[in-house]
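[1] sequence first, then the predicted structure, then my questions.
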Number of protein chains: 2
Amino acid sequence: MEWEKIAEELTQPTDSKIILLVMDGLGGLPVNGLTELETARRPNLNEAARRGICGVTDPVFMGITPGSGPAHLALFGYDPLKYQLGRGILEAMGTGVEVGRDDVVARGNFATLKDGLVVDRRAGRLATSENSQLCALINETIKEIRGVKVSVFPGKEHRFVFKLSGPGLSEAITDCDPQKEGQPPLKAVALEPEAELTASLVNEFITRLSDLLKDQPKANYALLRGFAKFPSHLPPMPSLYKVKPASIANYPMYRGLTRLLGMEVLEVGPDTAEIFDVLEKHYADYNFFYLHFKKTDSAGEDGRFEDKVKAIEEIDQFIPRLWTLKPDVLVITSDHSTPSTLKSHSWHPNPFVLISPRAEGDDVAEFSQKACTKGALGRFQSIYAMPLMLAYALKLKKFGA
Amino acid sequence: MEWEKIAEELTQPTDSKIILLVMDGLGGLPVNGLTELETARRPNLNEAARRGICGVTDPVFMGITPGSGPAHLALFGYDPLKYQLGRGILEAMGTGVEVGRDDVVARGNFATLKDGLVVDRRAGRLATSENSQLCALINETIKEIRGVKVSVFPGKEHRFVFKLSGPGLSEAITDCDPQKEGQPPLKAVALEPEAELTASLVNEFITRLSDLLKDQPKANYALLRGFAKFPSHLPPMPSLYKVKPASIANYPMYRGLTRLLGMEVLEVGPDTAEIFDVLEKHYADYNFFYLHFKKTDSAGEDGRFEDKVKAIEEIDQFIPRLWTLKPDVLVITSDHSTPSTLKSHSWHPNPFVLISPRAEGDDVAEFSQKACTKGALGRFQSIYAMPLMLAYALKLKKFGA
């Protein structure tokens, strides 16, 4: 029996409040014997460890380094091995493009075509500003095709996101990008009968676009690949867990993902204090709050050990504002590790603390990977974070009699 | 989504080196409060625990006592519940018989037939030397049947291994052994149309063998059972993990199994020092090394507590030669436990230590089941050993974006 089915059956609406604070890329590796987290002065995170029960999590399973998508899906109780997000979806979320459940999106490249062959798959990596102008021109000229809304969204350099919005669309079509230069571009081909419409819309879009851009010196064509819809079988959080969820995240990727999961995405600026301001302002309006803190990951990705330490020290000051709200469940954890020494996401486990009046307590008095390993929750897969939060919030009824 | 598919997609060839030392049957139970491992003077194994991150493993899942086959498959990342090795395969590997991917093998018993009935299923447990003579006679007389190579390999007493080598063979045929005395022997029957050839070859072999042995006083017949091929869907390690693996094992069973998994099987004698000599000699030629140490298991199986302690103390001296090589990943663990007090394999968890420049560290300062339980890796299933080794060797790319 699957978790989704268990959740649908066993969760119940309650007044209880859950706060999940994700410190992105928090887990790390030691430098001179101490990780970024161990190095940081963090009296309040340590106090959280004392107040709660601790553990460490593996986002997918031991050894697997996850992208942000799978790592977050797991924290929200969606098996990342089951719900895989297509290339187009990830590109759209990273670019801040809203994706509805009926939309098909794809990654686009401006390219150079000569005598029917792709001579530059990236149109000389054109300037981002030029990309924006071309996208504006395309959106003005090609608003819809046979009643289906078409739009493009500029990314960096040659990259853009292509979106079709309308009923009856399918992601089951082949890429238009031959992946090699010196080859002719490909036509989108339907992989199943239901995808014929989408394939013909895509091909007509490309024909019209290439006509529109034919006099451009470099960007006279576009290659689309990774056509994708949001996984339609992914049940939204409100029906799955009987919660009214709010997302407090500043970065497009996390806003896009949580919107698709059925969360209300609240406006929040880049300052750390705003995360807590927005939470307090809307605390009465929702009962599940996802708070996203990005600075730890950004510093880790860049290899800035000291800045990651500072980011932790910065957010530490705000932690008492979380327990002042007296939520039924407060979880502070990470989606994945981003050790500064590796300058990338990694497979190392994430510290995890859960504070609740119903928590049984343990001896952990410090918030770090090493200390949390010895906590009541031990080492577990992130997919169990959601059942745990719902349980400690008394939102999960008994299974069986 | 399955690990094999993830592995195929995410593993990448690298120069990094992995060493996996399996101390067979290492886990144990205490006598006077201490297990064999805790009793042994083991400064270098303890040093390994201090240098690395520790945990304990369950080969299949908690409570399951595995055979050597499933326990090793799990360590190499093959789910032992999915890849089950047939009786014939295990018998062949234990006898040191090479099994190719097209071969069918079976367990054979010399037996006594009288008036068309099996009167002794073991031919009076004939002498092993007599068994060898009979097998030689059979191999000389029945070299092939209709172009398919036939061979038998003597085991102990009445046991032998039967092998057919050729294209188009199938394991889907019934046993010839009625399992009871006083019954007539059975004909092999095909369980699917593709197995008709194999069944008829087996029946013809038995007819010719019984004619050849008809004047033998006891061993005038043979019963075959457990027809098996190597699981054809089992992907070889080199393609699955992008490694060039070498196996340093002296016992036939481990040599056979690792050969079937696509490892190069190096020659090594029975002395413990040779394991390390061979490793050093070939260290430049491969990037994944499986080292097998059998003495711990043999002593455990015989109930020789003191000898198991001595075996541990013996190998402990050689451990520094492993870190002198500076591998990217060094794992020292066991396939399963063999407590001397039980004189058999058991379900108790195995101590596990992983040493790597990318390991996050823990507080474990001693190599034992009890101490390792408190390590960074906690308690986990052996199937995760391989993803962990690949991750710490930087051989696994990111999953999703």
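    On my side now, so go ahead.
[2] and whichever residue of the stretch 151-300 of chain A sits closest to chain B, what does it touch?
    Of all residues in the stretch 151-300 of chain A, the one sitting closest to chain B is residue A:253 (9.0 Å; CB to the nearest CB). To be clear about C-beta, it is placed using only N, CA and C from the backbone, and glycine gets the same treatment. Residues in contact with residue A:253 (CB atoms under 8 Å, 6 or more residues apart in numbering or on different chains) are A:68-69, A:90, A:93-94.
[3] number of nearby residues for residue A:398?
    6 (other CB atoms under 10 Å in any protein chain shown).
[4] just residue A:156 next, same as before
    Residue A:156, neighbours per other CB under 10 Å, totals 11.
[5] to which secondary structure element is it assigned?
    Secondary structure from DSSP states H and E places residue A:156 outside every helix and strand.
[6] now it, nearest residue through space, not along the chain?
    Leaving out its chain neighbours, the residue that sits closest to residue A:156 by CB to CB, 6 or more residues apart in numbering or on different chains is residue A:128, at 5.3 Å.
[7] I'd say that neighbour and residue A:160 touch.
    No - under the criterion of CB atoms under 8 Å, residue A:128 makes no contact with residue A:160, lying 10.3 Å away.
[8] higher neighbour count, these two?
    residue A:160 (26 against 13).
[9] so how far is residue A:128 from the closest residue to residue A:127 other than its chain neighbours?
    Of all residues not flanking residue A:127 in the chain, residue A:157 sits nearest, at 7.5 Å (CB to CB, 6+ apart). Distance from residue A:157 to residue A:128, counting by CB to CB, to the nearest Å: 6 Å.
[10] contacting residues for residue A:224?
    A:106-108, A:162, A:175-177, A:188, A:202, A:206.
[11] and it, what element?
    Assigning secondary structure by DSSP H and E places residue A:224 in strand A:221-228.
[12] is it true that residue A:325 touches residue A:280?
    Yes - counting by CB under 8 Å, residue A:325 touches residue A:280, with 7.2 Å between them.
[13] what helices or strands is whichever helix or strand residue A:91 is part of leaning on?
    For residue A:91, the element it lies in under DSSP H and E is helix A:87-95. Helices and strands touching helix A:87-95, by 3 or more CB pairs under 8 Å, 6 or more residues apart in numbering or on different chains; DSSP states H and E, are strand A:104-114, strand A:159-165, strand A:221-228, helix A:252-260.
[14] picking that back up, find the residues that touch each one of residue A:128 and residue A:160.
    With CB under 8 Å, 6+ apart as the test, residue A:128 and residue A:160 both reach residue A:154.
[15] residue ranges for the helices of the stretch 51-200 of chain A, please.
    A:68-75, A:87-95, A:128-141, A:196-212 (DSSP state H, counting those that start in this stretch).
[16] which of those helices comes out lowest on mean pLDDT?
    With a mean of 85, helix A:87-95 has the lowest mean pLDDT of the helices of the stretch 51-200 of chain A.
[17] what's next to it, contact-wise?
    A:67, A:69, A:85, A:98-99, A:104-107, A:153, A:155, A:159-163, A:171, A:225-230, A:252-253, A:256-257, A:260, B:400-401.
[18] with adjacent residues omitted, what lies nearest to the residue of the stretch 51-200 of chain A found nearest chain B?
    Using CB to the nearest CB, residue A:63 is the residue of the stretch 51-200 of chain A that sits closest to chain B, at 3.0 Å. Of all residues not flanking residue A:63 in the chain, residue B:387 sits nearest, at 3.0 Å (CB to CB, 6+ apart).
[19] how about residues contacting the host helix or strand of that neighbour?
    With elements taken from DSSP H and E, the one containing residue B:387 is helix B:385-392. For helix B:385-392, the surrounding residues in contact (CB under 8 Å, 6+ apart) are A:61-65, A:346-347, B:3, B:7, B:11, B:18, B:20, B:57, B:74-77, B:241, B:328-329, B:331, B:333, B:352, B:354, B:356, B:358-359, B:377, B:396.
[20] residue A:376 and residue A:49 touch, don't they?
    No - under the criterion of CB under 8 Å, residue A:376 makes no contact with residue A:49, lying 11.2 Å away.
[21] more crowded one of the two?
    residue A:49 (26 against 16).
[22] now that one: which helix or strand?
    With DSSP H and E as the criterion, residue A:49 is inside helix A:43-51.
[23] ok, back up a step: read off the pLDDT value for the residue of the stretch 51-200 of chain A closest to chain B.
    Residue A:63 is given a pLDDT of 98.
[24] in stretch A:158-175, which residues are buried?
    Residues of stretch A:158-175 classed as buried: A:158-166, A:169-175 (neighbour count, 16 or more other CB atoms under 10 Å in any protein chain shown).
[25] rewinding a little: the helix holding residue B:387 vs helix B:68-75, what angle?
    30 degrees (axes from the mean of the first three to the mean of the last three CA atoms, to 10 degrees).
[26] convert helix B:385-392 to PDB, retaining C-alpha atoms only.
    Only the C-alpha atoms of helix B:385-392 are listed here, as PDB (Å, rounded to 0.1, in the frame of the first residue of the first chain):
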ATOM      1  CA  ALA B 385      27.000  -0.200   0.500                       C
ATOM      2  CA  MET B 386      27.600   0.100  -3.200                       C
ATOM      3  CA  PRO B 387      25.800   3.500  -3.700                       C
ATOM      4  CA  LEU B 388      27.800   4.700  -0.700                       C
ATOM      5  CA  MET B 389      31.200   3.500  -2.100                       C
ATOM      6  CA  LEU B 390      30.400   5.000  -5.500                       C
ATOM      7  CA  ALA B 391      29.300   8.300  -3.900                       C
ATOM      8  CA  TYR B 392      32.400   8.800  -1.800                       C
END
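[27] if you average pLDDT over that helix, what comes out?
    For helix B:385-392, the per-residue pLDDT averages 98.
[28] how about the residues of chain A by chain B?
    By CB under 8 Å from any CB of the partner chain, the residues of chain A that approach chain B are A:29-30, A:33, A:35, A:56, A:60-70, A:80-82, A:84-85, A:87, A:90, A:94, A:342, A:344-349, A:369-370, A:373-374, A:378-379.
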